[in-house]
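Participant: for reference, the sequence and a predicted model appear below.
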Amino acid sequence: MILSEIKKKLSKNFLISGIETAELDARLILKEILSFDDKELIINENYHIPKGFIKEIFAIEKRRLKGEPISKIFKKRDFYKSTFIISNDVLDPRPETELIVEIANNFIKKNGVKNILDLGTGSGCILLSVLKENKMINGLGIDLSKEAINIAQKNSKKLQLDKQSNFLISNWMEAINFKFDIVVSNPPYIASKDIKKLSNNVKNFDPLLSLDGGEDGLNCYRAIVKDLKRVINKNAIIIIEIGYNQSKFVEEIFKKNDFKLIKKYNDINGLDRVLTFQ
Ligand SMILES: C[S@@+](CC[C@H](N)C(=O)[O-])C[C@H]1O[C@@H](n2cnc3c(N)ncnc32)[C@H](O)[C@@H]1O
């Protein structure tokens with residue numbers, strides 16, 4: 001079987017089963033198994049794929065057709081400007097979360113910033129992306145999940161950021177006795193009753209701890225804001241991701257705790273996705 005045939009077959013089968021990213025997924029599988037880059041995939045359309053590789057490709061197709069995301073199959077995912085190691089113990093980093101990195105980078109450019117705290121760091125994707133662009137600052141990532149902290153530490157070594165970063169197992173700020181200039185967070189914000197409505201590739205492959213925001217989806221914002229003042233410096237900024245319909249409620253929770261809304265940022269669908277407070 002030649003490359004173009006197998007690519008067509010994979011795309012078609014993914015499309016039939018309702019996978020929106022059918023063609024992209026087919027390309028990602030072939031690139032990974034054949035160790036090709038995008039250009040090699042195009043110029044080698046007539047390449048006869050060895051039998052061993054064909055077997056591997058179809059084994060992966062089977063997993064993908066059952067709903068497993070490509071990133072979880074290959075245990076890696078591109079986020080901002082780096083590739084992160086991921087596993088079933090961490091949330092698959094989402095493109096909309098890159099907005100937090102951009103906001104933090106802009107704030108750092110304009111203000112004298114020494115350090116940054118990432119609450120619910122997961123794979124470490126937010127914290128490490130900011131540290132990679134800002135070599136003069138240090139960061140701490142915390143997570144309740146020991147397994148997530150393990151993955152974040154692996155990523156910090158892989159990206160050679162282990163001198164700039166530290167990771168701790170902590171229930172939000174409980175284990176923190178230090179003050180920060182920036183606090184970033186993408187906390188779990190799905191209402192418990194809505195978890196079952198999520199697509200299979202999310203609810204079956206992202207950990208429940210990374211999704212479940214309690215009865216109304218807002219429990220983590222309430223928990224975070226309660227202890228936030230203790231861990232921030234005077235002019236610190238809080239950059240926090242929210243669910244598509246939570247802007248008003250999260251704003252209220254923060255206002256009640258004396259935080260001032262600085263700005264709302266939209267995602268590509270025009271929905272409020274990140275709020276900043278001081
Ligand atoms: C939505 S995920 C975000 C992961 C990563 N920051 C990202 O954006 O891809 C939320 C993270 O919060 C962590 N988490 C949930 N409850 C927590 C708690 N009580 N204390 C600390 N971390 C918690 C989860 O384990 C998960 O890694």
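Facilitator: Happy to help now that I have it.
Participant: show me what from the stretch 151-278 of the chain comes close to the ligand.
Facilitator: Residues of the stretch 151-278 of the chain that fall close to the ligand, judged by CB under 6 Å from any ligand atom: 171-172, 186-188, 209-210. For every residue, glycine as well, the C-beta is placed using N, CA and C.
Participant: among these, which one has the most neighbours?
Facilitator: Among those, residue 186 has the most neighbours (other CB atoms under 10 Å), with 27 neighbours.
Participant: let me see the contact set for that one.
Facilitator: 91, 97, 100, 120, 122, 126, 240-241 (CB atoms under 8 Å, 6 or more residues apart in numbering).
Participant: show me the contacts for residue 45.
Facilitator: 2-4.
Participant: in three-state terms, label it for me.
Facilitator: coil (DSSP: H, G, I helix; E, B strand; the rest coil).
Participant: pLDDT score for it?
Facilitator: Note for residue 45: predicted pLDDT of 92.
Participant: please apply the same query to the one 4 residues further on.
Facilitator: Reading off the confidence values, residue 49 has pLDDT 95.
Participant: for it, give me phi and psi.
Facilitator: Backbone torsions of residue 49, given as degrees, to the nearest 10, read phi -80, psi 130.
Participant: and it, what does it touch?
Facilitator: Contact analysis of residue 49 by CB under 8 Å, 6+ apart lists 1-3, 6, 34, 57.
Participant: run the chain-centre distance for stretch 125-136.
Facilitator: Its chain's average C-alpha position is 14 Å from that of stretch 125-136, according to CA atoms, centre = their mean, to the nearest Å.
Participant: ok, stretch 268-278 next?
Facilitator: Relative to where its chain is centred, stretch 268-278 has its mean C-alpha point 16 Å off (CA atoms, centre = their mean).
Participant: same question for stretch 114-127.
Facilitator: 11 Å.
Participant: that one close to the ligand?
Facilitator: Yes: in terms of CB under 6 Å from any ligand atom, part of stretch 114-127 sits within range of the ligand, namely 120-123, 125-126.
Participant: list the contacts for residue 182?
Facilitator: 104, 107-108, 113, 115-117, 130, 236-237, 239.
Participant: in strands, which of these appear?
Facilitator: Residues of the contacts of residue 182 located in strands (DSSP state E): 115-117, 236-237, 239.
Participant: what helix or strand does the most centrally placed residue in the chain sit in?
Facilitator: Averaging the C-alpha coordinates of the chain gives a centre point, and the residue nearest to it by CA atoms, centre = their mean is residue 93 (2.0 Å). Under the criterion DSSP states H and E, no helix or strand holds residue 93.
Participant: for this structure, which element, helix or strand, carries the lowest mean pLDDT?
Facilitator: Within the chain, no helix or strand scores below helix 200-203, which has a mean of 87 by mean pLDDT, DSSP states H and E.
Participant: which strands and helices sit next to that one?
Facilitator: Helices and strands touching helix 200-203, by 3 or more CB pairs under 8 Å, 6 or more residues apart in numbering; DSSP states H and E: there are none.
Participant: before we move on, the earlier item: among the contacts of residue 45, which ones are buried?
Facilitator: Listed as buried from these are residue 3; burial here means 16 or more other CB atoms under 10 Å.
Participant: near the ligand, which of the contacts of residue 45 show up?
Facilitator: Among these, not one lies near the ligand by CB under 6 Å from any ligand atom.
Participant: just the contacts of residue 45 now: which is nearest residue 52?
Facilitator: residue 3 (14.9 Å; CB to CB).
Participant: quick check, the closest one in contact with residue 44.
Facilitator: Yes: contact status for residue 3 versus residue 44: in contact at 5.7 Å, counting by CB atoms under 8 Å.
Participant: where do the contact lists of these two overlap?
Facilitator: Common neighbours of residue 3 and residue 44 (CB under 8 Å, 6+ apart) are residue 34.
Participant: if we can go back for a sec, could the contacts of residue 49 go into a markdown table alongside pLDDT and secondary structure?
Facilitator: Converted to a markdown table, the contacts of residue 49 look like this (pLDDT from 0 to 100; DSSP: H, G, I helix; E, B strand; the rest coil):
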| residue | pLDDT | secondary structure |
| --- | --- | --- |
| 1 | 90 | coil |
| 2 | 95 | strand |
| 3 | 96 | helix |
| 6 | 96 | helix |
| 34 | 96 | helix |
| 57 | 97 | helix |
